[in-house]
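**Q** predicted structure and sequence below. I'll ask about it afterward.
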Amino acid sequence: FVNAYETDDPAEWEVGGALLTESKSNNSMRLGIINGGSSYFIPVKDGWKHACEEHDLTCYIAHYDSQNSTMEEDCYTFRRLNVLNWIHEKGVSGIAIRPCGRETKDEDDYIVNVPVVTFDKDNDHTQRVAYIGTDQEFLGRTMARLLKQLRPEGGTFAIVGEKAGRVEGFTAEIMKDNGREDRAHWYPTAETIPHEGYMEGYIKSLEFFADQSPSAIVTFRQTPMKWENWTGFVDANRHKNITYIGVDSDDFQLQYLNQKYVHGLVGQSQWAIGDKLVKVLIQNITDGYLKQKIYPTNLISYNMIPLELPPQNIDQQLLGNLKWIGFSLFIVVALSSLLCIGWTMHHGSSSVVVAAAQPFFLIMTAFGTLVMASTLIPLSFDDGGDIDSLSESDRTAMCMSIPWLAFTGFSIVFSALFAKTWRINRLVERSDMFGRVKVDVIDVLGPFGLIMLCNIIVLTVWTVVDPLVYTRSWDEGTDFWNREISSSGSCECENAAAYLVPLGLINAAVVSIAVWQAIRARNIKSEFSESKYIGLSVFSMAQAFLTGIPIVAVVRDIPQAFYLVLTFLIFLLSMVVLLLIFLPKMMMQRRYSGLSKADQRKLISMAMSVRRNSIKAQGAPGEPSALTASAFLHTTPVQAIRNGSSQYMSSHDRKSAGMDIHSSLPIEHRDSDPDDTLPKEDQPTEKSVQFSIKGAGGSDKDAEPASTGKTNAAEEKVVATALFQQMVAINSKSSTNSLEAFLSLVDRNKLNEQEQSALDDVMVSLQATVSA
């Protein structure tokens, strides 16, 4: 094989070099190149010549005969003489130089006002304006990838002809997966030998490492393969199954590759280096500066493709055991939902707590969470890598069930929460004194039906026109033999956004309305602080969507992460709703267990009265705030109710708790003296219990009973009689002729919810009696 630099003009070896191209238009720009002396640099000369002819330049070339001399001093002298000759005699405008060795800036001080570009190997200590050539670290990494391609099972390697950058890149790439159990491992040979001299040192290193039977011998320089006995060396060690990886791609090396005397080569694009040298010098001379200092060139990888490739290892991105997380979380939500439904149905008729919260809403909320959590079942599906075992209808049904269950369950839950919050706001803001302030089942079916109808229309169109179908597709990336290495299964359709966007807008509007209702009800002290827990549920779900959906979008292309994020998001949404809506009621119902329905109503009535007056008391500075309804309900002994509330509360306590009926009287009678409405002979004496009926802003000072003794049955009888006489007096003044007409005079705006409910019950009873 020809290893020496060939030329038709011997002047290239002489000082002054040879004229390679001459400008046809008398272009004043002239360039010169001092090329390397081996056959490797012949393509560099060809690229340089092509670029000079393309730009119509006069170009010179000289090269140092490195095959006949290894003394760096000779290289330095040859280069200095040529550069001085070109600058002072030929008037070159720019020079390209292949450095001789490790140089310092002082050794280039003779080059003045002429840009210099280096190639093949860089030395930033020189005055060069740019370097053009191979990224040495990238070349080393490419050689490592080539070795992994040829020997995917891993093993040991030996390095011959070390070169800075290449060795570091190779070792970093070949050993980067040694910490992973699912990847092949590579290690250097146990022993190493320092490089000695030139060819003799390479030969010694090759023979030394071959005796250790490594999996691969890697040469980072071309010189070891120029050994005249290279083929004999490889033949003598074929039985050791050593893989040889070399650098560069000269003709003799490609012939070695064809004859299996080397198994892989990573070549540098020498022709591109010569072409780029001319273009960079022209840019620097014309513009006076360069945008970058390093111009790397492409690499060329050569290897023989075996008839039998290594086994293909495909990562199918299966969920594996992760699917049991989804199934387990669904079971937790399902059991919790069924428990809440059963608890509601069991206590719906016997517990005032459950009745006040309206069992239909509670069952609706629990059922909605169950439907929403059912999304975890199709979401946890895993095809095991065998998609052909599923029919197209099965794959469509599995995928379309996910949006159907998710959006349907979500709509049911939010409809119930919205209706309950809306109910509380209506109770507070109701201004119609004669209307019945109660939200029945029919009240929630309206918004629920509208929301469900919108969702069903979009989901139906999606299912019919462009349904989701489970498919398995190849992911980006291939192995070293250009084979796919990863596939993933997902639900796909042509235009999912066309349906997800309307569904998102519909349900986002529902969330927004529910959040607004919750904000309006945030300061309302409804029974058992229900508005607080409903608001927390609404805000929690809204917050989960705002934070969870972006995360889901980020991990969309990572199947396992996408599955886990979506699974835990659905689980948390479901459990948050169940816990916030049902747990406080369960705790309250347990405190009420053992009481009759009448006793429960009595305790709730007392708590509601306490709460009503506590709102007034909170605005009085310097006065202790009254007992809140929640605190009252949690601190009132059950035995006190069983013994009678009148024995538990003194007259002062009843007054402080708001247990006076004046708040239920019509406005026109609020400020009248109750004694004036009674016949004189029936007015209470000084010894009887005195009472007053507080107006809207009246004082409490007359509300103290005249008697300082304990309240007894006789006193209560006097009070009841006086109140009845007062009702008769009002009835006569208003020209009403029935108890029903009298009750219609009551200002409902001044009643709390419990009082309104009691008034409604009386009205219904009176109407039923009349009808009977």
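**A** That came in fine, so what should we check first? Residues are numbered from 1 along each chain as shown.
**Q** residue ranges with poor pLDDT in the stretch 151-300 of the chain?
**A** 191-197 (pLDDT under 70).
**Q** and with 80 instead?
**A** Residues of the stretch 151-300 of the chain meeting the criterion pLDDT under 80: 182, 190-199.
**Q** show me where it has its strands.
**A** 155-160, 186-188, 216-219, 243-247, 264-268, 294-296, 299-303 (DSSP state E, counting those that start in this stretch).
**Q** burial count for Val552?
**A** Neighbourhood size, Val552 [other CB atoms under 10 Å]: 14. Where C-beta positions appear, they are placed from N, C-alpha and C, glycine not excepted.
**Q** give the other helices and strands that whichever helix or strand it is part of contacts.
**A** Using DSSP states H and E, Val552 sits within helix 530-554. Other elements packing on helix 530-554 under the criterion 3 or more CB pairs under 8 Å, 6 or more residues apart in numbering; DSSP states H and E are helix 392-429, helix 497-520, helix 559-592.
**Q** now those in TSV, with mean neighbour count, mean pLDDT and distance to Ala51?
**A** Output for those, formatted as TSV (neighbours: other CB atoms under 10 Å; pLDDT from 0 to 100; distance: least, CB to CB, whole Å):
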stretch	mean neighbour count	mean pLDDT	distance to Ala51
helix 392-429	21	81	58
helix 497-520	17	81	50
helix 559-592	19	85	50
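**Q** to Ala172, which of those lies closest?
**A** With CB to CB, the closest approach to Ala172 among those belongs to helix 559-592: 27.6 Å.
**Q** residues in contact with the helix holding Val552?
**A** Here helix 530-554 makes contact (CB atoms under 8 Å, 6 or more residues apart in numbering) with 357, 413-414, 417-418, 420-421, 424, 511, 514-515, 517-519, 521-522, 524-525, 562, 565-566, 569, 572-573, 576-577, 580-581, 584.
**Q** same deal with stretch 506-519?
**A** Here stretch 506-519 makes contact (CB under 8 Å, 6+ apart) with 407, 410-411, 414-415, 417-418, 421-422, 425, 451, 454-455, 458, 531, 534-535, 538-539, 541-542, 545.
**Q** at 7 Å instead, please
**A** 407, 410-411, 414, 417-418, 421-422, 425, 451, 454-455, 534-535, 538-539, 542 (CB atoms under 7 Å, 6 or more residues apart in numbering).
**Q** same thing with stretch 40-48?
**A** By CB under 7 Å, 6+ apart, stretch 40-48 touches 5-6, 33, 35, 59, 61, 63, 222, 248, 250, 270-275, 277-278.
**Q** and if you look at stretch 370-386?
**A** 316, 318-319, 323, 326-327, 329-330, 333-334, 337, 390, 398, 401-402, 405-406, 408-410, 412-413, 489, 563, 566-567, 570, 573-574.
**Q** that one: which residues count as buried?
**A** Buried residues in stretch 370-386, defined by neighbour count with 16 or more other CB atoms under 10 Å: 370-383.
**Q** and that stretch, end to end?
**A** This stretch, stretch 370-386, spans 31 Å end to end (CA to CA, to the nearest Å).
**Q** please apply the same query to stretch 157-166.
**A** 15 Å.
**Q** got the contact list for that stretch?
**A** Contacts for stretch 157-166 (CB under 7 Å, 6+ apart): 136-137, 139-140, 167, 174, 186, 188-189, 195, 202, 205-206, 209, 212, 214-221, 223-224.
**Q** whichever of the residues you listed end up buried, select them in PyMOL.
**A** Per 16+ other CB under 10 Å, the buried members of the contacts of stretch 157-166 correspond to this PyMOL selection:
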select buried, resi 136+137+139+140+167+174+186+189+202+205+206+209+214+215+216+217+218+219+220+221+223+224
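**Q** so which of the contacts of stretch 157-166 sit within helices?
**A** 136-137, 139-140, 167, 174, 202, 205-206, 209 (DSSP state H).
**Q** for the residues you listed, which one is nearest Thr286?
**A** Distance to Thr286, by CB to CB, is smallest for Gln136 among these, at 29.5 Å.
**Q** tally of neighbours for the residue lying closest to that closest one once chain neighbours are set aside?
**A** What sits nearest to Gln136 in space, not counting adjacent residues and going by CB to CB, 6 or more residues apart in numbering, is Gly165, at 2.9 Å. Neighbours of Gly165 under the rule other CB under 10 Å: 17.
**Q** tell me the pLDDT at the residue nearest the centre of the chain?
**A** Closest to where the C-alpha atoms of the chain average out (CA atoms, centre = their mean) is Ile551, at 1.7 Å. pLDDT for Ile551: 79.
**Q** please report the distance of it from Gly409.
**A** Ile551 sits 21 Å away from Gly409, going by CB to CB, to the nearest Å.
**Q** related to what we said a few turns ago, centre of the chain to the helix holding Val552, how far?
**A** Counting by CA atoms, centre = their mean, to the nearest Å, helix 530-554 is centred 15 Å from the centre of its parent chain.
**Q** could you check the angle it makes with helix 559-592?
**A** Computed by axes from the mean of the first three to the mean of the last three CA atoms, to 10 degrees, the angle separating helix 530-554 from helix 559-592 equals 170 degrees.
**Q** what is the orientation angle of helix 530-554 with helix 392-429?
**A** Using the same axes, to 10 degrees, helix 530-554 lies at 150 degrees relative to helix 392-429.
**Q** just the angle between helix 530-554 and helix 497-520, please?
**A** Computed by the same axes, to 10 degrees, the angle between helix 530-554 and helix 497-520 is 150 degrees.
**Q** in what helix or strand does the residue lying closest to Phe568 once chain neighbours are set aside lie?
**A** Once flanking residues are discounted, Phe568 sits nearest to Leu329: 7.5 Å by CB to CB, 6+ apart. Using DSSP H and E, Leu329 maps to helix 323-347.
**Q** average pLDDT across the next helix or strand after that helix?
**A** Downstream of helix 323-347, the first helix or strand assigned by DSSP H and E is helix 352-356. Here helix 352-356 scores 75 as its mean pLDDT.
**Q** show me what helix 352-356 is packed against.
**A** Using 3 or more CB pairs under 7 Å, 6 or more residues apart in numbering; DSSP states H and E, the elements in contact with helix 352-356 are helix 559-592, helix 597-617.
**Q** mean confidence score for the shortest one?
**A** The pLDDT scores in helix 597-617 average 52.
**Q** distance between the ends of stretch 150-161?
**A** Termini of stretch 150-161 sit 21 Å apart (CA to CA).
**Q** that should have said stretch 377-397, apologies.
**A** Length of stretch 377-397, first residue to last, CA to CA: 12 Å.
**Q** equivalent analysis for stretch 293-311, please.
**A** With CA to CA as the measure, stretch 293-311 spans 44 Å from end to end.
**Q** now Thr231. Nearest residue, chain neighbours left out?
**A** With CB to CB, 6+ apart, the residue lying closest to Thr231 is Tyr261, at 5.3 Å.
**Q** so Ile34 makes contact with Leu81?
**A** No - with contact defined as CB atoms under 7 Å, Ile34 and Leu81 do not form a contacting pair (10.3 Å).
**Q** pick out whichever of these two has more residues nearby.
**A** Comparing Ile34 with Leu81 by neighbour count (other CB under 10 Å), the higher total belongs to Ile34, at 24 against 14.
**Q** now the more buried one: which helix or strand?
**A** Assigned by DSSP H and E, Ile34 falls in strand 30-35.
**Q** where does the residue lying closest to Gly274 once chain neighbours are set aside land in three-state SS?
**A** Leaving aside its sequence neighbours, Gly274 sits nearest to Gly47 (CB to CB, 6+ apart; 2.7 Å). Following DSSP: H, G, I helix; E, B strand; the rest coil, Gly47 is assigned to helix.
**Q** how many other residues sit next to Gly47?
**A** Gly47: 19 neighbours (other CB under 10 Å).
**Q** what about Ala720, neighbour count?
**A** Neighbourhood size, Ala720 [other CB under 10 Å]: 10.
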